[in-house]
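Asks: Show me how the following folds:
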Amino acid sequence: MSRFPPLLLITMVYLGLSQAAPAQTDDELFSAEGYRQAHYRSPTPATAEGAQTLDTASLRTLLAEEPQLVLVDVYRRQWLAGRFIETEAHANLPGSIWLANTGDGTLQPQWADYFAENLARISQGQSDRPLVFYCRSDCWLGWNATRRAHALGYTRLYWYRDGVDGWEQAGLPLNPATPEPLNSPE
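Replies: Purely as a prediction, here's the structure:
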(Lines give C-alpha, C1' and ligand atoms only; values in the text may rest on other atoms or scores of the structure.)
Protein backbone atom coordinates (compact mmCIF):
# COMPACT_ATOMS: atom_id res chain seq x y z
CA MET A 1 0.00 0.00 0.00
CA SER A 2 1.25 3.47 -0.86
CA ARG A 3 2.21 5.90 1.88
CA PHE A 4 0.11 8.57 0.10
CA PRO A 5 -3.70 9.00 0.43
CA PRO A 6 -5.50 7.85 -2.79
CA LEU A 7 -6.54 11.33 -4.01
CA LEU A 8 -3.06 12.72 -3.41
CA LEU A 9 -1.53 9.73 -5.21
CA ILE A 10 -3.78 10.28 -8.26
CA THR A 11 -2.83 13.97 -8.30
CA MET A 12 0.86 13.12 -8.02
CA VAL A 13 0.67 10.60 -10.88
CA TYR A 14 -1.18 13.15 -13.02
CA LEU A 15 1.52 15.75 -12.33
CA GLY A 16 4.33 13.22 -12.83
CA LEU A 17 5.45 13.41 -9.21
CA SER A 18 4.74 9.92 -7.96
CA GLN A 19 7.46 8.03 -6.18
CA ALA A 20 10.20 10.28 -7.54
CA ALA A 21 13.68 8.81 -7.28
CA PRO A 22 15.76 10.30 -4.48
CA ALA A 23 18.42 12.77 -5.54
CA GLN A 24 21.85 11.23 -6.00
CA THR A 25 24.62 12.21 -3.65
CA ASP A 26 28.02 13.46 -4.79
CA ASP A 27 29.41 10.04 -3.81
CA GLU A 28 27.17 8.45 -6.45
CA LEU A 29 27.77 11.10 -9.12
CA PHE A 30 31.56 11.30 -8.76
CA SER A 31 34.26 8.68 -8.40
CA ALA A 32 36.80 8.83 -5.59
CA GLU A 33 39.20 10.41 -8.12
CA GLY A 34 36.71 13.19 -8.88
CA TYR A 35 35.40 12.05 -12.29
CA ARG A 36 31.71 12.42 -13.05
CA GLN A 37 30.32 8.89 -13.44
CA ALA A 38 26.58 9.32 -13.97
CA HIS A 39 24.13 11.67 -15.68
CA TYR A 40 26.72 12.80 -18.23
CA ARG A 41 24.22 14.98 -20.10
CA SER A 42 23.45 17.58 -17.46
CA PRO A 43 24.68 21.09 -16.61
CA THR A 44 28.46 21.27 -16.25
CA PRO A 45 30.65 23.53 -14.13
CA ALA A 46 32.30 26.62 -15.60
CA THR A 47 35.82 25.21 -15.31
CA ALA A 48 37.80 21.97 -15.39
CA GLU A 49 40.85 21.46 -13.20
CA GLY A 50 44.12 22.12 -14.99
CA ALA A 51 42.47 23.63 -18.08
CA GLN A 52 41.22 26.86 -19.55
CA THR A 53 37.56 26.83 -20.53
CA LEU A 54 36.85 28.06 -24.05
CA ASP A 55 33.74 29.43 -25.71
CA THR A 56 33.33 29.32 -29.48
CA ALA A 57 34.90 32.73 -30.12
CA SER A 58 37.96 31.97 -27.98
CA LEU A 59 38.38 28.55 -29.61
CA ARG A 60 38.30 30.13 -33.08
CA THR A 61 40.94 32.65 -31.97
CA LEU A 62 43.10 29.90 -30.50
CA LEU A 63 42.81 27.82 -33.68
CA ALA A 64 44.01 30.80 -35.73
CA GLU A 65 46.92 31.57 -33.39
CA GLU A 66 48.12 28.09 -32.38
CA PRO A 67 49.05 25.80 -35.29
CA GLN A 68 50.07 22.95 -32.93
CA LEU A 69 46.60 22.80 -31.31
CA VAL A 70 44.92 19.38 -31.34
CA LEU A 71 41.14 19.01 -31.04
CA VAL A 72 40.00 15.87 -29.20
CA ASP A 73 36.38 14.75 -29.41
CA VAL A 74 35.40 12.25 -26.68
CA TYR A 75 31.77 11.59 -27.66
CA ARG A 76 30.63 8.04 -26.95
CA ARG A 77 30.27 5.30 -29.58
CA GLN A 78 28.90 1.84 -28.87
CA TRP A 79 31.60 -0.85 -28.67
CA LEU A 80 30.47 -4.39 -29.30
CA ALA A 81 32.31 -7.60 -30.26
CA GLY A 82 35.61 -5.79 -30.65
CA ARG A 83 34.43 -2.96 -32.90
CA PHE A 84 32.67 0.37 -32.90
CA ILE A 85 29.00 0.13 -33.88
CA GLU A 86 27.55 3.10 -35.73
CA THR A 87 24.04 3.56 -34.34
CA GLU A 88 23.90 7.20 -35.42
CA ALA A 89 25.98 9.48 -37.60
CA HIS A 90 28.42 11.68 -35.72
CA ALA A 91 30.16 14.82 -36.92
CA ASN A 92 32.80 16.84 -35.14
CA LEU A 93 34.91 19.97 -35.52
CA PRO A 94 37.17 19.92 -38.59
CA GLY A 95 40.58 18.41 -37.86
CA SER A 96 39.48 16.64 -34.69
CA ILE A 97 40.72 13.31 -33.39
CA TRP A 98 37.83 11.24 -32.05
CA LEU A 99 38.80 9.23 -28.97
CA ALA A 100 35.41 7.65 -28.34
CA ASN A 101 34.43 6.46 -24.87
CA THR A 102 37.35 8.09 -23.05
CA GLY A 103 35.28 10.62 -21.12
CA ASP A 104 33.48 8.11 -18.91
CA GLY A 105 34.00 8.47 -15.17
CA THR A 106 35.54 5.05 -14.81
CA LEU A 107 37.58 3.62 -17.67
CA GLN A 108 38.26 -0.06 -18.17
CA PRO A 109 41.99 -0.70 -18.73
CA GLN A 110 41.60 -1.01 -22.52
CA TRP A 111 39.98 2.45 -22.70
CA ALA A 112 42.52 4.03 -20.34
CA ASP A 113 45.32 2.62 -22.53
CA TYR A 114 43.54 3.79 -25.71
CA PHE A 115 43.31 7.30 -24.25
CA ALA A 116 46.91 7.46 -22.99
CA GLU A 117 48.43 5.92 -26.13
CA ASN A 118 46.52 8.19 -28.48
CA LEU A 119 47.35 11.30 -26.45
CA ALA A 120 51.03 10.35 -26.58
CA ARG A 121 50.75 9.87 -30.34
CA ILE A 122 48.85 13.08 -31.15
CA SER A 123 50.99 15.18 -28.80
CA GLN A 124 54.13 13.60 -30.28
CA GLY A 125 55.24 12.90 -26.73
CA GLN A 126 55.14 16.58 -25.78
CA SER A 127 53.25 17.11 -22.53
CA ASP A 128 52.99 20.83 -23.32
CA ARG A 129 51.27 20.31 -26.69
CA PRO A 130 47.99 22.29 -26.59
CA LEU A 131 44.99 19.94 -26.45
CA VAL A 132 41.31 20.92 -26.59
CA PHE A 133 38.79 18.37 -25.27
CA TYR A 134 35.10 18.50 -26.05
CA CYS A 135 31.90 16.53 -26.45
CA ARG A 136 28.53 18.25 -26.65
CA SER A 137 27.05 21.06 -24.59
CA ASP A 138 26.03 20.10 -21.06
CA CYS A 139 28.19 17.01 -21.33
CA TRP A 140 30.56 15.83 -18.62
CA LEU A 141 32.55 13.55 -20.95
CA GLY A 142 34.78 16.39 -22.17
CA TRP A 143 35.23 17.61 -18.59
CA ASN A 144 36.29 14.12 -17.45
CA ALA A 145 38.70 13.69 -20.37
CA THR A 146 40.28 17.08 -19.66
CA ARG A 147 40.83 16.14 -16.02
CA ARG A 148 42.19 12.74 -17.07
CA ALA A 149 44.71 14.38 -19.45
CA HIS A 150 45.76 16.69 -16.62
CA ALA A 151 46.29 13.64 -14.36
CA LEU A 152 48.49 12.13 -17.11
CA GLY A 153 50.73 15.20 -16.95
CA TYR A 154 49.57 17.26 -19.91
CA THR A 155 49.98 20.95 -19.15
CA ARG A 156 48.38 23.02 -21.95
CA LEU A 157 44.79 21.90 -21.72
CA TYR A 158 41.60 23.50 -22.88
CA TRP A 159 37.99 22.46 -22.42
CA TYR A 160 35.53 23.54 -25.10
CA ARG A 161 32.49 23.40 -22.86
CA ASP A 162 29.88 24.03 -25.60
CA GLY A 163 31.27 21.28 -27.83
CA VAL A 164 29.74 20.19 -31.11
CA ASP A 165 26.44 21.88 -30.25
CA GLY A 166 28.03 25.30 -29.68
CA TRP A 167 30.08 25.03 -32.88
CA GLU A 168 27.03 24.07 -34.92
CA GLN A 169 24.86 26.82 -33.35
CA ALA A 170 27.50 29.35 -34.43
CA GLY A 171 26.92 28.21 -38.03
CA LEU A 172 30.38 26.65 -38.29
CA PRO A 173 31.05 23.49 -40.31
CA LEU A 174 31.23 19.98 -38.93
CA ASN A 175 32.83 16.96 -40.61
CA PRO A 176 31.65 13.34 -40.59
CA ALA A 177 33.68 11.54 -37.94
CA THR A 178 35.11 8.08 -37.32
CA PRO A 179 36.65 7.08 -33.98
CA GLU A 180 40.34 6.28 -33.82
CA PRO A 181 40.72 2.50 -33.96
CA LEU A 182 40.98 0.56 -30.71
CA ASN A 183 43.25 -2.46 -30.85
CA SER A 184 41.47 -4.71 -28.42
CA PRO A 185 41.85 -8.36 -27.49
CA GLU A 186 38.03 -8.67 -27.42
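
Asks: Mind listing what's buried along the top helix by length along the chain?
Replies: With residue count as the measure and DSSP state H as the assignment, the chain has helix 109-122 as its longest helix. By neighbour count on 16 or more other C-beta atoms under 10 Å, the buried set for helix 109-122 is 111, 114-115, 118-119, 122. Backbone N, C-alpha and C define where each C-beta goes, glycine included.

Asks: now do stretch 175-184
Replies: By neighbour count, with 16+ other C-beta under 10 Å as the criterion, the buried positions of stretch 175-184 are 177, 179-180, 182.

Asks: Need the pLDDT of the residue most central in space within the chain.
Replies: The centre of the chain sits closest to Leu141, judged by C-alpha atoms, centre = their mean, with a distance of 1.8 Å. Here the pLDDT value assigned to Leu141 is 97.

Asks: Same question for Leu15.
Replies: In this model, Leu15 is scored at 44, pLDDT.

Asks: same question, Ser31
Replies: So, for Ser31, pLDDT stands at 82.

Asks: pretty sure it contacts Gln37?
Replies: Yes: at 5.1 Å, Ser31 and Gln37 qualify as touching, with contact defined as C-beta atoms under 8 Å.

Asks: residues contacting the spatially closest residue to Leu182 that is not a sequence neighbour?
Replies: Distances taken as C-beta to C-beta, 6 or more residues apart in numbering place Tyr114 nearest to Leu182, at 5.1 Å, with adjacent residues excluded. With C-beta atoms under 8 Å, 6 or more residues apart in numbering as the criterion, the residues that contact Tyr114 are 99, 101-102, 180, 182.

Asks: and of those residues, the nearest to Leu63?
Replies: Out of the contacts of Tyr114, the one with the shortest distance to Leu63 is Leu99. That distance is 18.8 Å, counting by C-beta to C-beta.
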